[in-house]
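Chemist: everything below, folded, please.
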Amino acid sequence: TPPSYVLARFLAALLVTWLAYLGTSLGFALGTLMPWLDQELLGPFIAEHYVYAVMVVGLPAIFANAAIVYAIAVYTRDQRIAYAAIIALLVLYQVASGALGQLEYRELAALVDPSGASAILDEIQYWTIFERNSQLVPVAGVLLYNRLLWLAIGLGMLLLAVAGFRFEHRQSRRGGRNDAPQKEEAGIQPAFPEHGTVATATASRHQFLACARFEVMAVFRSVFFWVLLALAVANSVGAFLQLSTIFGTELYPVTPILIQMMRGTATLSLMIMVVFYGAELVWRDREHRFQEILGSTPAPNWVFLAGKIAAAVTVVLAFLLVCILTAVLFQLFSGFTRIEPGVYLGWFIYDYGMTFLFMVVLSLVFQVFSPNKYVGMILMVVAILALMTLPGAGWEDPLYLFGQSNPVQYSTMNGFAGLLSAATWYNLYWACFATIATILGYLAWNRGPTEPLRVRLRALAANSTPATRGAMAVCLFGFALLFSWIFYNTHVI
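Modeler: Reported below is the predicted structural model:
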């Protein structure tokens, strides 16, 4: 029956998500055994605390969030809208976290936070360090109200999903739902010139530009991109509005302060964009069963991969520029007219943004070698987590942290003090590595029907040409030379 079907799928998803969350407590427990930690600074192992985190904090939050997203997915039958709901819940969490800093909104913020973190922080705001390290937060007061509220919301959304689910497809106003893909595909304009079938440099260039333009417009038309952008803008504006309340001191919205805030508020959206659109750009053609048609066109493989990389880079740059526009408008509306475009371009676009430009290229290459897009997304998430956690474990040299460079700071008195120039060497170093990865992705590009990875790996040598071998040799030489130069200047001198 439909109710049992809906409940079974929801419970399965809830169990899998909860088991994934259970891994965080297991990770914390295992983390206390790591050899680089000072064991004298760690408290005793108390299993009850981990059970509390999993059952009291985690399970109600997972149930409420999962029920909301699940109900929206059931009603809309659109994965993108479900993703948008997840982002909206993240925005709600961010708003609640920001509102905790204002006394008049503390209780409201503690109630509306679906994760329960704000309620816990509100309860322990006057606890001593010893109490925080040794006691559990009692399930009472605002924490109890928060758990009951979101459990009720989750239960209500789940009941709506059960009541509204039907096995048949809903019919849209324009006709059957199954007609939408045909209409969408029928509206696709030929991406390649129709005059002749000879692959010339001019034809390949036009094909590349058409492919890149098509991919960019496809991303800009997606709801998910604008939700991610709205998340970054909302977080940035929320942080900007708290400028005047930092320790009771009035601050001017100068460019360096706004950039420091945006480097924190835009990171989540950019990471999601790197993982999601790396998969979407590579696998969309196959999901729409259009890859065989593209594979039969007289276009070289580099046109497809380079077009997708150019589109991904363009989207990331557009995202960063919108963040800058948000900061500039905030400065102007605040009556502050000292806009510093050079600092925005140098510190935000170049220093901060280059990391994500390299990461999106790596994400696309991972997808080329992956058997499906979910494996590629997992690989990219693991890479991002490694970049975030390795510095804390003592592995902090940018020479082996992909896309990283030396820390760059800006001051009104000294400017970048030569740090931006030093970061250029690292960017060139990682650009060589990214180019090597791109060439390998080009040689392994799956044209036409999906082939096993081992088949494509065996064909790498056969697909190579004197041009690709020459480019690979130049990039390998540049990578080794830059590694030697940076290592000498940072470890020897």
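Chemist: so where is the chain shaky, pLDDT-wise?
Modeler: Counting by pLDDT under 70, the ranges of the chain that qualify are 80, 91-105, 167-199, 242, 244-249.
Chemist: max-length helix in it?
Modeler: What stands out as the longest helix in the chain, according to DSSP state H, is helix 301-333.
Chemist: and the next element down the chain from the host helix or strand of L362?
Modeler: According to DSSP states H and E, L362 maps onto helix 353-369. Downstream of helix 353-369, the next assigned helix or strand under DSSP H and E is helix 373-389.
Chemist: coming back round to it: contacts for the helix or strand just after the longest helix of the chain?
Modeler: Scanning forward in sequence from helix 301-333, with DSSP H and E defining helices and strands, the next element found is helix 341-343. With CB atoms under 8 Å, 6 or more residues apart in numbering as the contact definition, helix 341-343 has outside contacts at T255, P256, I259, Y410. C-beta coordinates here come from the backbone N, C-alpha and C atoms, glycine included.
Chemist: tell me, how many residues neighbour the last one?
Modeler: I take that to be Y410. If you count neighbours by other CB atoms under 10 Å, Y410 ends up with 20.
Chemist: doesn't Y344 make contact with it?
Modeler: No. The criterion here is CB atoms under 8 Å, and Y410 misses it with Y344 at 10.6 Å.
Chemist: next SSE downstream of the helix or strand where E131 lies?
Modeler: Secondary structure assigned from DSSP H and E places E131 in helix 129-134. Proceeding C-terminally, helix 129-134 gives way to helix 141-164 as the next helix or strand, assigned by DSSP H and E.
Chemist: quick one, helices of the stretch 201-350 of the chain?
Modeler: Ranges of helices in the stretch 201-350 of the chain, per DSSP state H, counting those that start in this stretch, are 201-220, 223-241, 255-265, 267-287, 291-295, 301-333, 341-343.
Chemist: looking at the ones you listed, which is nearest to A84?
Modeler: Of all the helices of the stretch 201-350 of the chain, it is helix 223-241 that lies closest to A84, at 4.4 Å by CB to CB.
Chemist: quick one: contacts of that closest one?
Modeler: Applying CB under 8 Å, 6+ apart, the external contacts of helix 223-241 come out as 80-81, 83-84, 87-88, 90-91, 94-95, 98, 219, 253, 258, 261-262, 264-266, 268-270, 272-273, 276-277, 315, 319, 322-323, 326-327, 330.
Chemist: go through stretch 477-487 and flag the buried ones.
Modeler: G478, F479, L482, I486 (16 or more other CB atoms under 10 Å).
Chemist: could you check how far the third one is from N427?
Modeler: Between L482 and N427 the computed distance is 10 Å (CB to CB, to the nearest Å).
Chemist: give me the most central residue, this structure.
Modeler: Geometric centre of the chain, nearest residue: I272, 1.7 Å, by CA atoms, centre = their mean.
Chemist: quick one, phi psi at A140?
Modeler: phi -150, psi 170 (degrees, to the nearest 10).
Chemist: burial measure for it, as a count.
Modeler: Taking other CB under 10 Å as the neighbour definition, A140 ends up with a count of 9.
Chemist: and for D113?
Modeler: D113 is flanked by 26 other residues according to other CB under 10 Å.
Chemist: that one and D122 touch, don't they?
Modeler: No. Distance between D113 and D122: 9.3 Å, which falls outside the contact criterion (CB under 8 Å).
Chemist: report the contact partners of I62.
Modeler: Residues near I62 by CB under 8 Å, 6+ apart: L14, T17, W18, Y21.
Chemist: can you tell me the helix or strand for it?
Modeler: I62 belongs to helix 59-76 when assigned by DSSP H and E.
Chemist: number of residues surrounding A8?
Modeler: A8 sits with 10 neighbouring residues when counted by other CB under 10 Å.
Chemist: just L270 next, same as before
Modeler: Based on other CB under 10 Å, the number of other residues close to L270 is 21.
Chemist: picking that back up, what is the helix holding L362 packed up against?
Modeler: Identification of packing neighbours for helix 353-369 by 3 or more CB pairs under 8 Å, 6 or more residues apart in numbering; DSSP states H and E yields helix 267-287, helix 301-333, helix 373-389, helix 419-443.
Chemist: hmm, back to that, joint contacts of Y410 and Y344?
Modeler: Both Y410 and Y344 are in contact with I259, where contact means CB under 8 Å, 6+ apart.
Chemist: so who does the nearest residue to W445 once chain neighbours are set aside touch?
Modeler: If the residues on either side of it in the chain are set aside, W445 comes closest to N301, at 4.3 Å by CB to CB, 6 or more residues apart in numbering. Listed by CB under 8 Å, 6+ apart, the contact set of N301 reads Y442, W445, R447, N463.
Chemist: tally of neighbours for L476?
Modeler: Counted with other CB under 10 Å, residues neighbouring L476 total 14.
Chemist: for it, helix, strand, or coil?
Modeler: helix (DSSP: H, G, I helix; E, B strand; the rest coil).
Chemist: for the residue nearest to it when sequence neighbours are not counted, give its distance to V474.
Modeler: Take L476 and drop its neighbours on the chain: the residue closest to it by CB to CB, 6+ apart is I436, 6.6 Å away. Note on I436: its distance to V474, by CB to CB, is 10 Å.
Chemist: ok, these two, which is more surrounded?
Modeler: Shown here are I436 and V474; by other CB under 10 Å, I436 has more neighbours (18 against 13).
Chemist: that one against F479, yeah?
Modeler: Yes. In this structure I436 lies within contact range of F479 using CB under 8 Å: 6.8 Å.
Chemist: next one: phi and psi at S411?
Modeler: In this entry, S411 is assigned phi and psi values of phi -130, psi 150 (degrees, to the nearest 10).
Chemist: how near is it to S421?
Modeler: Here S411 is placed at a distance of 16 Å from S421 (CB to CB).
Chemist: can you give me the angle the helix holding I62 makes with helix 141-164?
Modeler: An angle of 30 degrees separates the directions of helix 59-76 and helix 141-164 when computed by axes from the mean of the first three to the mean of the last three CA atoms, to 10 degrees.
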